[in-house]
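Undergrad: predicted coordinates and the sequence they were generated for:
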Amino acid sequence: MTVTALRSSVITFHQDPFLVDPANSYRYLEDALVVMADGKIVSVDPYSDAGADAVVDAVGTRVPITHYPDSLICAGFIDCHVHYPQTQMIGAFGEQLLEWLNKYTFIAEQQFADKSHADRVSRVFLRELLRAGTTTAAVYCTVHPESVDALFEESERFNTRMIAGKVLMDRHAPDALLDTAERGYDESKALLEKWHGRGRQLYCITPRFAASSTDDQLAAAGRLWKEHPGTYMQTHLAENTGEIEWVRDLFPQRSSYLDVYDHAGLTGPRAIFGHAVHMDEVDFACCHRTGSALAHCPTSNLFLGSGLFKMTQAKQTARPVRVGIGSDIGAGTSFSTLHTLNEAYKVSQMAHGRLTAAHAFYLATRGGAEALYLQDSLGSVAPGYDADLVVLDLAPTPLIAFRMGFTQDILEKLFVLMTLGDDRAVRATYVAGVPVYDSARDEPFRYAAEPSALAPSPQTERYPGIPG
Ligand code: GUN
Ligand code: ZN
């Protein structure tokens with residue numbers, strides 16, 4: 001039994017602040033002792049010297065306490081929508097969605113036919129997530145099965161809980177990126193059987209979007225999902241007006257974009273719809289009724305000029321929809337959930353909504369876990385939960401340190417952190433109780449298991465094999 005103990009302040013959410021008084025949605029301890037054993041959180045209590053003395057391992061030896069002063073422990077962030085193959089093309093200039101896909105995305109994704117390329121990008125991707133304090137993500141790979149193996153293999157080394165799948169596309173993309181309804185089904189099934197539930201990895205059936213799958217492929221995806229309860233389904237929904245018109249032309253018999261997916265059996269618990277910018281009341285009601293979740297991707301929606309997510313409508317108390325936060329790398333512009341929350345705040349402001357720090361940090365932690373139906377094991381700092389944690393530095397830059405001197409309470413501090421903070425505010429990231437990222441170490445990343453047992457060689461380069 002490995003026992004680890006941390007001392008810092010802690011914030012955790014146990015209710016949805018969109019549905020209850022935000023003041024009752026969280027628990028904050030200014031000086032706390034968090035004890036973890038065998039990957040789980042054992043206790044979270046106010047710190048006392050007596051309590052600290054009582055932390056012992058299986059043979060009764062006192063466990064040293066790692067103290068993080070001027071810091072805050074939070075549940076590891078959850079990124080509900082991200083494309084790892086697009087790590088190499090963040091910040092591609094000048095286009096809206098459909099042109100951006102053709103000009104940049106479909107070019108980059110063809111490189112993932114080469115497993116060694118997929119391995120290299122997976123290594124960078126996982127490290128950037130962990131550097132940002134993100135411990136779980138719903139990840140799009142490419143159409144190539146090798147791209148899925150690469151991502152899960154690296155995730156397995158860090159022991160992160162990743163939800164990922166092979167992209168399904170059987171039309172409207174370069175030939176090199178197309179499968180067929182049958183091949184997509186067969187390859188997804190083989191990957192699902194290999195990876196779903198292996199360690200902490202979970203499989204996600206991933207039709208890219210309605211425009212790049214035929215009726216047959218969407219139906220096959222729906223069939224596969226139904227045949228494998230507990231697996232996930234992710235796709236894009238109502239992101240861009242040009243895309244929406246195209247989908248209307250491609251599926252004239254369907255009453256809406258969401259109805260295309262509903263008709264194919266692709267709504268329900270563990271369905272994650274990315275973007276969902278241009279939604280009406282019927283769409284939100286369908287998501288509520290079916291238990292489908294939405295991933296709000298503000299940096300991407302601004303970068304591609306897609307539009308403003310309607311958070312207030314999505315979270316209406318009469319029929320709340322599960323909503324998480326997505327970076328949507330590489331249309332999104334930052335791995336940092338803090339930065340993504342900053343943009344989410346501005347998007348809400350544009351719509352005269354008000355995203356408080358409580359709402360924002362809930363979305364990034366427990367809200368994401370609820371969107372993924374993992375709220376019983378992820379997203380909270382509480383006994384029995386997986387010990388996936390981020391340690392946030394409350395004074396990571398001179399400006400933030402100065403600004404914090406003028407704050408009154410923890411919510412004000414959190415709001416400053418999400419407005420001014422980024423990956424520099426992440427001191428350490430724990431995955432299943434192991435500090436896989438520690439910004440203070442010379443080599444900040446460390447695999448959960450002994451690297452020699454899992455990886456071919458230790459990495460000494462910053463980003464092995466990535467150009468530049
Ligand atoms: N719609 C279909 N594919 C994509 C993608 O890769 N990124 C975004 N933002 N939207 C999409
Ligand atoms: Zn996307």
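TA: Thanks, I have the structure now. Ligands and ions are numbered 1, 2, ... in the order given.

Undergrad: just give me the neighbour total for Arg441.
TA: 11 (other Cβ atoms under 10 Å). Where you see a C-beta, it was placed from the backbone N, CA and C, and this is true even at glycine.

Undergrad: ugh, wrong one, Pro252
TA: Neighbour number of Pro252 under other Cβ under 10 Å is 6.

Undergrad: cool, the one 10 residues further on as well?
TA: Neighbouring residues of Asp262 were enumerated by other Cβ under 10 Å; the total is 22.

Undergrad: that one against Thr290, yeah?
TA: Yes: counting by Cβ atoms under 8 Å, Asp262 touches Thr290, with 7.3 Å between them.

Undergrad: give me the next element, helix or strand, following the helix or strand containing Gly324.
TA: Using DSSP states H and E, Gly324 sits within strand 322-325. Next in sequence after strand 322-325, counting helices and strands by DSSP H and E, comes helix 337-350.

Undergrad: what's the average pLDDT for that next one?
TA: If you average the pLDDT over helix 337-350, you get 98.

Undergrad: what of stretch 72-90?
TA: 98.

Undergrad: in it, which residues are buried?
TA: Of the residues in stretch 72-90, those buried under the neighbour-count criterion (16 or more other Cβ atoms under 10 Å) are 72-90.

Undergrad: next one: stretch 336-353
TA: 336-345, 347-348, 353.

Undergrad: how about those residues in a markdown table, adding distance to ligand 2?
TA: Listed next are the buried residues of stretch 336-353 as a markdown table, based on distance: Cβ to the ion, whole Å:
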| residue | distance to ligand 2 |
| --- | --- |
| Ser336 | 17 |
| Thr337 | 16 |
| Leu338 | 20 |
| His339 | 17 |
| Thr340 | 13 |
| Leu341 | 18 |
| Asn342 | 20 |
| Glu343 | 15 |
| Ala344 | 16 |
| Tyr345 | 21 |
| Val347 | 16 |
| Ser348 | 21 |
| Gly353 | 23 |
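
Undergrad: mind putting those into a markdown table with distance to His278?
TA: Below are these laid out as a markdown table (distance: Cβ to Cβ, whole Å):
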| residue | distance to His278 |
| --- | --- |
| Ser336 | 26 |
| Thr337 | 24 |
| Leu338 | 27 |
| His339 | 24 |
| Thr340 | 20 |
| Leu341 | 22 |
| Asn342 | 23 |
| Glu343 | 18 |
| Ala344 | 17 |
| Tyr345 | 21 |
| Val347 | 14 |
| Ser348 | 17 |
| Gly353 | 17 |
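
Undergrad: dump those into JSON lines; add distance to ligand 1 as well.
TA: Listed next are these as JSON lines, based on distance: Cβ to the nearest ligand atom, whole Å:
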{"residue": "Ser336", "distance to ligand 1": "18"}
{"residue": "Thr337", "distance to ligand 1": "17"}
{"residue": "Leu338", "distance to ligand 1": "21"}
{"residue": "His339", "distance to ligand 1": "17"}
{"residue": "Thr340", "distance to ligand 1": "14"}
{"residue": "Leu341", "distance to ligand 1": "19"}
{"residue": "Asn342", "distance to ligand 1": "19"}
{"residue": "Glu343", "distance to ligand 1": "14"}
{"residue": "Ala344", "distance to ligand 1": "16"}
{"residue": "Tyr345", "distance to ligand 1": "20"}
{"residue": "Val347", "distance to ligand 1": "15"}
{"residue": "Ser348", "distance to ligand 1": "20"}
{"residue": "Gly353", "distance to ligand 1": "22"}
